[in-house]
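In: Here's my sequence, what's the structure:
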Amino acid sequence: MSTTESPARVESAQDVLARVRDLVPFLRANAADTEMLRQVPDKNIDALADAGVFRLTLPKSRGGFEASITEQNAVLAEVARGCPSTGWVCTLINSVNWMIALFPDQAQEEVFSVPGVRAAGVFAPTGKGKRQDGGILINGRWGWNTGSPNAHWAGLAALVEEEDGSVAPQFVLIPYSELDYEDDWYSSGLAGTGSRTTVAKDVFVPNHRVLSVQNLATAQYPGSTPSAENPYFRSPGVPVFIAASAGAPVGIAGGAMDVFLERLPGSTITYTEYASQIEAPLTHHQVAEAKLKLFSAEAHAARAGALIDEHVGTELTLENRAAIRGHAGHSIKLAREAVDILFQASGASAIQSSVPIQRYHRDIQSLSLHALMQPNTNTELYGRVLLGLSPNTTFL
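Out: Numbers count the residues shown, from 1 in each chain. This next block holds a predicted model:
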């Protein structure tokens, strides 16, 4: 895994977007290899690092761009358009990279000392910790650790027993060199994300690499001087993650449209008199409906991002937090429906592994099942809040 990143002439998020658009054919050509490896190959990571993708959410003082959610989603959609697995890994890495700047200054100095640093992690507190002098002793297993083979640092949540016997969730930073893993990522969708299980066995984490999950939820980061003074790092973690996750599903739907249209010329509708599928009114309806759903998915994703971008440095209301989940969930629902239409219009030959649209179809089905992206759950939550009821989750 390369740890170097050329600064090239990438000086803004717009420059990153332009570079990534040029990489879409390259990423698509590598998509089958990505699935076979069950993780993103180094050649993808190196090309994206060179394009500046992993600098999107880093502090400007560290060579980053502090890109808005809108800018992030534009880039991440293009990555996912080329390769859904790579797009989702880039989404997670940029989210956890953003979180590094929420930790105390000493932790930032330590983590950012790695050139071209990439962090990945798990927000579910499936590990356990016990407070000791100067830090926490961590043990546990974290499944679904997307992008972990491509990262240097892990951000992991754990339930920590304090000295008085109380238990509270903490988010900790650990180098992957101090962690083990289980080679257990075998999936039908997003197969190339390397979302294997990470294992910690008696790993000591010093206090400066510990962040209270409560602080993460309330956007209170008292230990970090740069974050305390920079509105970009004063947003609550969960809404930021969800809003920045809306780009990849839109990109997957856009990629499905690309490969469908590329394959359409010369296609027929078997057992009909249509010599060309393009001539069939059914095809006209299918393509138009898929495109309109894609436009609508883009609009909802954009609204989720705008709710963060328009409130940088200010407190998010409960309704806005719920709305972000609602818009993100509805966006992925529409993106999934668009891909479903195109897949059904592709005929039986589309189930062959050599036909790219089957990969987009499997990947969007998988991503729409993510617990924080699931359309039904998110729509219910948004409706509860709109009706004045308390939310049935703390993940807001």
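
In: three-state assignment of the closest residue to residue 348 other than its chain neighbours?
Out: Leaving aside its chain neighbours, residue 348 sits nearest to residue 270 (7.8 Å; criterion: CB to CB, 6 or more residues apart in numbering). Where you see a C-beta, it was placed from the backbone N, CA and C, and this is true even at glycine. Following DSSP: H, G, I helix; E, B strand; the rest coil, the label given to residue 270 is coil.

In: repeat for residue 122
Out: strand.

In: tell me the contacts of it?
Out: 142, 143, 144, 145, 155, 156, 157, 198 (CB atoms under 8 Å, 6 or more residues apart in numbering).

In: For the closest residue in space to the first one that isn't next to it in sequence, give the beta-bridge partners.
Out: In other words, residue 142. If the residues on either side of it in the chain are set aside, residue 142 comes closest to residue 122, at 4.1 Å by CB to CB, 6+ apart. Bridge pairing for residue 122 (DSSP bridges) gives the partners residue 156.

In: From the contacts of residue 122, pick the one nearest residue 95.
Out: Set against residue 95, the nearest of the contacts of residue 122 by CB to CB is residue 155 (9.0 Å).

In: Please report the distance of residue 229 from residue 61.
Out: 11 Å (CB to CB, to the nearest Å).

In: now swap in residue 72 and tell me
Out: 19 Å.

In: Neighbour count: the two, which is higher?
Out: For residue 72 versus residue 61, neighbours defined as other CB atoms under 10 Å are more numerous around residue 72 (31 against 12).

In: got a list of what the more buried one touches?
Out: Neighbours of residue 72 in contact, by CB under 8 Å, 6+ apart: 13, 56, 57, 94, 244, 247, 305.

In: for it, helix, strand, or coil?
Out: Applying three-state DSSP: residue 72 is helix.

In: Would you mind measuring from it to residue 115?
Out: Taken as CB to CB, the span from residue 72 to residue 115 is 22 Å.

In: Repeat that for residue 22.
Out: 24 Å.

In: centre of the chain versus the one helix or strand residue 28 maps to, how much separation?
Out: Using DSSP states H and E, residue 28 sits within helix 13-29. Distance, stretch centre to chain centre, for helix 13-29: 17 Å (CA atoms, centre = their mean, to the nearest Å).

In: buried set for the helix or strand where residue 181 lies?
Out: Per DSSP H and E, residue 181 falls inside strand 180-182. By neighbour count with 16 or more other CB atoms under 10 Å, strand 180-182 contains the buried residues residue 181.

In: going forward can the numbers begin at 17, since that is how I track them
Out: Let's use 17 as the start, then, which means that last one is strand 196-198.

In: in its sheet, what does that strand sit against?
Out: When DSSP bridges is applied, strand 196-198 pairs with strand 213-222 (antiparallel).

In: Mind listing what's buried along the partner strand?
Out: For strand 213-222, the buried set under the neighbour-count rule, 16+ other CB under 10 Å, comprises 213, 214, 215, 216, 219, 221.

In: Show me what the helix or strand that comes right after that strand is in contact with.
Out: Sequence-wise, the next helix or strand beyond strand 213-222 is strand 226-228, with elements assigned using DSSP H and E. Strand 226-228 is contacted from outside by 115, 118, 119, 151, 152, 184, 185, 186, 187, 188, 237, 239, using CB under 8 Å, 6+ apart.

In: of these, buried ones?
Out: 115, 118, 119, 151, 152, 185, 186, 187, 188, 237, 239.

In: Would you reformat the residues you listed as TSV and include distance to residue 25?
Out: Shown next, in TSV, are the buried ones among the contacts of strand 226-228 (distance: CB to CB, whole Å):
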residue	distance to residue 25
115	28
118	30
119	31
151	42
152	43
185	42
186	40
187	35
188	37
237	33
239	35
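
In: quick one: which of those residues is nearest residue 391?
Out: residue 115 (25.7 Å).

In: Next up, identify which helix or strand the closest one is on.
Out: Counting by DSSP H and E, residue 115 is found in helix 100-116.

In: If you compare the directions of that helix and helix 29-45, what angle comes out?
Out: Angle, helix 100-116 to helix 29-45, by axes from the mean of the first three to the mean of the last three CA atoms, to 10 degrees: 150 degrees.

In: which is the next helix or strand following helix 100-116?
Out: Defined by DSSP H and E, the subsequent element after helix 100-116 is helix 121-127.
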